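Chemist: Next input, structure requested:
(3 chains)
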Amino acid sequence: MAYWLLKSEPDAFSIADLERIHRSLWDGVRNYQARNFLRSMQPGDLAFFYHSSTEPPGVVGVCRVVRTGVADPTQFDPHSEYHDPAAQPEKPRWWTVEVEFVQRFGRMVSLETLRQTFTPDELWVVRRGNRLSVMPVSEEAARRILELAGEAVGSP
DNA sequence: GCCAACGTTGGC
DNA sequence: GCCAACGTTGGC
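Modeler: The predicted model follows:
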């Protein structure tokens, strides 16, 4: 099982929104590196939910990948802000996954805490100038983030 | 609101 | 294929 980090601006879609609706497509990603990470996800993978462009930014919970290889429907929707006129239904350009809510941390693990805990090589989200919205997290880093949150997921 | 970082676009 | 201009992200 792999671990990931997914960024979202809470004004657009928050961990509370996911908790309420339980499952959601992670749509609207329009960066090729992020898309490639989405395409390499497997059902059962866990993803940290990160709130960006908020004060403070940080990891606020966990979700699980439940469906993979989904052509992002917003690329075909002329009314969507994510519409991609170059995408064809028979040859989609943007792919995503469906995630389900797992848990919301009792206390967020702030970006400041992440910077104090990890080197940029250990966790991509603390890399200077990092803008990627989907990125892998090592098992070791995932364990430490869960410790920082005072939680344990799926451990016997 | 500012601006560094960096991806994308398009002229050549 | 280069690279300047431009747009977006996201922390601060």
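Chemist: Check whether A:I145 really touches A:L111, as I assumed.
Modeler: No. Counting by CB atoms under 8 Å, A:I145 stays clear of A:L111, with 11.8 Å between them. Heads up, the C-betas are built off the backbone N, CA and C, glycines and all.
Chemist: what pLDDT does the closest residue to A:L123 other than its chain neighbours get?
Modeler: By the measure of CB to CB, 6 or more residues apart in numbering, the closest residue to A:L123 outside its immediate chain neighbours is A:A141, 5.0 Å from it. The confidence metric pLDDT takes the value 97 at A:A141.
Chemist: Just the element for A:A141, please.
Modeler: Using DSSP states H and E, the secondary-structure element containing A:A141 is helix A:139-149.
Chemist: and the closest residue to A:A34 other than its chain neighbours, what does it touch?
Modeler: What sits nearest to A:A34 in space, not counting adjacent residues and going by CB to CB, 6+ apart, is A:V134, at 3.9 Å. For A:V134, the contacting residues are A:4-7, A:26, A:29, A:31, A:34-35, A:37-38, by CB atoms under 8 Å, 6 or more residues apart in numbering.
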